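Novice: following is a predicted model, sequence given first.
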Amino acid sequence: MPNSDLLPSLLYKLNENQLALEAAIMELSNWVEQRDGTYVADNIRGALDTIDKNEEFIKLTLAVLMTPE
């Protein structure tokens, strides 16, 4: 398998890791909020919005890269 064939799989796994980190961080923000850390939780969720905004582009790009030529 040529190295160039590994790129789509690598990008897919990186995206998968990003989504797992997003879920874990959201759990932490919920925990912080339950302990009267509303300000901190709001800041965390604001940062997670960036991940959400980029997710669709990442998925579309992966789909294009993984489509055989």
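Specialist: Perfect, I can see it now.
Novice: confidence score at the closest residue in space to Tyr12 that isn't next to it in sequence?
Specialist: Excluding the flanking residues, the one nearest Tyr12 by CB to CB, 6 or more residues apart in numbering is Leu62, at 5.7 Å. For the C-beta atoms, the positions are set from N, CA and C on the backbone; glycine is no exception. pLDDT for Leu62: 76.
Novice: contacting residues around stretch 11-22?
Specialist: With CB atoms under 8 Å, 6 or more residues apart in numbering as the test, stretch 11-22 has contacts from Leu48, Ile51, Asp52, Glu55, Ile58, Lys59, Thr61, Leu62, Leu65, Met66.
Novice: ok, stretch 58-69 next?
Specialist: Contacts of stretch 58-69 (CB under 8 Å, 6+ apart): Leu7, Pro8, Leu11, Tyr12, Asn15, Gln18.
Novice: pull out the buried positions in the biggest helix by length in the chain.
Specialist: Identified as the longest helix of the chain according to DSSP state H is helix 3-34. For helix 3-34, a neighbour-count test (16 or more other CB atoms under 10 Å) marks Pro8, Asn15, Glu22, Ser29, Val32, Glu33 as buried.
Novice: now, which of the residues you listed sits nearest Val40?
Specialist: Checking those against Val40 with CB to CB, the nearest one is Val32 at 5.1 Å.
Novice: residue contacts, the closest one?
Specialist: Val40, Ala41, Ile44 are the contacts of Val32 under CB under 8 Å, 6+ apart.
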